[in-house]
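Colleague: Turn this into a model:
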Amino acid sequence: MHVLTRSALCCALVLPLTAASAASIEVRVAPVAGGKGTVNVAVCDKERFLKQCLYTASAPAQEGETVIVIEDVPAGAWAVLAYQDENGNKQLDRNVLGIPKEKYGFSREARGRFGPPHFAEAALVVREGLMVVPVRLR
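Modeller: The predicted structure follows:
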């Protein structure tokens, strides 16, 4: 019984700390061609980078800069990616060679040489509170 009480106490102390370490990430995407589809943003951990990211959001494309806020991101290492979905098909269109036909960008202005950047090049340390992340579309 004493062990159970101690476990319950540990959980009671850890849970509030976990909830308090969530962040809001304000992604400022630019330059955006206004009136052309949506801007889609994803926040990815290393395991899901360039796959099915845990946190996603989109907003109508606003001329110049589109701001999208993603809430409740746990503290840790995350990479942000964004693209302007001009035709509204909810995917980054590519040509026959696999090169993107729509504008896209990553946090920390990460760029790959012969393909997308590695997670480490785009990774940010996310902490509690509000974090503003600029992403430049190319």
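Colleague: before we move on, which element is the residue nearest the centre of the chain in?
Modeller: Nearest to the mean C-alpha position of the chain, by CA atoms, centre = their mean, lies Val43 at 2.0 Å. Assigned by DSSP states H and E, Val43 falls within strand 38-44.
Colleague: next one: Ala120
Modeller: Using DSSP H and E, Ala120 falls within helix 119-122.
Colleague: Now do that helix: which elements does it pack against?
Modeller: When contacts are defined as 3 or more CB pairs under 8 Å, 6 or more residues apart in numbering; DSSP states H and E, helix 119-122 packs onto strand 76-85. Every residue, glycine included, has its C-beta placed from N, CA and C.
Colleague: Quick check: closest non-adjacent residue to Asp93.
Modeller: In space, and not counting its chain neighbours, Asp93 is closest to Lys101: 4.5 Å by CB to CB, 6 or more residues apart in numbering.
Colleague: Just confirm the one you found contacts Gln91, I think it does.
Modeller: No. Lys101 is beyond contact range of Gln91, at 10.8 Å (criterion: CB atoms under 8 Å).
Colleague: Perfect, that will be all.
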